[in-house]
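Asks: Provide a 3D model corresponding to the input given below.
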Amino acid sequence: PFPAAAGHYAEPTTVNNVETIASVPYIINGGAEWFRTMGTERSPGPKIYSISGHVEKPGQYEAPLGTTLRQLLELAGGMKDGIPLKFWTPGGSSTPMFTAEHLDVPLDFEGAVEAGSILGTTAVMVFNETVSVPWAVMKWTEFYKHESCGKCTPCREGTYWLVQILERMVDGHGTEEDIDTLLDVCDNVLGRSFCALGDGAVSPIQSGIKYFKDEFLALCEKNRKPALAGADR
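Replies: Numbers count the residues shown, from 1 in each chain. Here you go, the predicted structure:
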C-alpha cells in the first residue's frame, strides 16, 4: 500500500504535500474547530487556487474550499481586457472542463464532482472567447501523448491516435465520423490504463465535445457528405 495511506502502524505516514505541511502549524495553533470555520462542512479549511490564463492578475490565491470561480475572478481582477469567459478547468487540463454556466459551482471536493468534474490540483485555467476549444484540446492531448511512458497499450496507442485525429481536424481535414472515433478511443482509454494519465488525457476531449460539439462539427463542414436526394422528405 502507498505509505501516505497506510504506513507505520497501518496509519498514514508520509506527508509530502507542501500545502498540507504549511497548514499543520496553523491547525495545531488554532485548533480543529477554528480550521473548520473555513470551507464547507464536508470540505473544511482553505485551499490554494492557482489561477492562470486570461485573467488580469494570475497567481496563487488562498481561499476557503467551496469558493466559486466568480469569486476567484474578483480576486484575480476579472477577465483580461474584459473579453468574456468561454471555458475553464477547475483542476488543470486533466479535469473535465466547465463553461461560463458553471461560474457559481462551489470549488470543493463534492461540488466539483456533482457538477461533472473534479477539483484535482485546483489549477484553474481560464480561457476567453478568442480560444478555439478543439485547438486547446489538441494542444493538451499532444502534451499527454508526449508524457505517456508507453508502458500500457491503451494510453500509449490511445493518445497517439487521439493526437492524429485532432491534428487532422484542426487542420481542416476532419469528418463527422472523427468525432465518434474520438469518443470511442476515449472509452477504450478511460479506466483501462495503469495510471491516471490515460484518464486525464481523455477528460478534455470528452468534456470539450460535450459542451462545444458545434466547434468540432464546424471543423468538418467542408468535408461533409452531401445529403442524398429526397433524404429529407
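Asks: pull the longest helix from the chain.
Replies: When the chain is parsed with DSSP state H, its longest helix is helix 197-219.
Asks: If you average the pLDDT over that helix, what comes out?
Replies: The pLDDT scores in helix 197-219 average 97.
Asks: and if you look at stretch 33-41?
Replies: 95.
Asks: Determine how far the last residue of it lies from the first.
Replies: End-to-end span of stretch 33-41 (C-alpha to C-alpha, to the nearest Å): 11 Å.
Asks: who's in contact with stretch 82-90?
Replies: Residues outside stretch 82-90 that contact it (C-beta atoms under 8 Å, 6 or more residues apart in numbering) are 53-54, 69, 73, 79, 95-100, 102-103, 105, 107, 112, 117-120, 122-131, 133, 136, 204, 211-212. C-betas here are computed from N, CA, C, even on glycine.
Asks: one step back: for the longest helix of the chain, which positions count as buried?
Replies: For helix 197-219, a neighbour-count test (16 or more other C-beta atoms under 10 Å) marks 197-209, 211-212, 216, 219 as buried.
Asks: try stretch 93-103
Replies: So for stretch 93-103, counting by 16+ other C-beta under 10 Å, buried means 93-98, 102.
Asks: and if you look at stretch 136-146?
Replies: For stretch 136-146, the buried set under the neighbour-count rule, 16+ other C-beta under 10 Å, comprises 136-138, 140-141, 143-145.
Asks: With stretch 64-84 instead?
Replies: In stretch 64-84, the ones that count as buried by 16+ other C-beta under 10 Å are 64-69, 71-73, 75-76, 79.
Asks: And for stretch 182-193?
Replies: For stretch 182-193, using 16+ other C-beta under 10 Å, the buried residues are 182, 185-186, 188-190, 193.
Asks: just to revisit the earlier point, in strands only, show me the buried residues of stretch 64-84.
Replies: Using DSSP state E, the subset of the buried residues of stretch 64-84 located in strands is P64.
Asks: tally of neighbours for E147?
Replies: 12 (other C-beta atoms under 10 Å).
Asks: so it touches A196, yeah?
Replies: No: assessed by C-beta atoms under 8 Å, E147 is found out of contact with A196, at 11.7 Å.
Asks: For this structure, which segments count as helices?
Replies: Counting by DSSP H, the helices of the chain are 18-30, 32-36, 69-75, 109-114, 133-147, 153-170, 176-189, 197-219.
Asks: To E11, which of those helices lies closest?
Replies: For the helices of the chain, the distance to E11 is smallest for helix 18-30, at 15.2 Å, taking C-beta to C-beta.
Asks: Check which residues of the closest one are buried.
Replies: S23.
Asks: which helices and strands sit right next to that helix?
Replies: Here helix 18-30 touches helix 32-36, strand 46-53, going by 3 or more C-beta pairs under 8 Å, 6 or more residues apart in numbering; DSSP states H and E.
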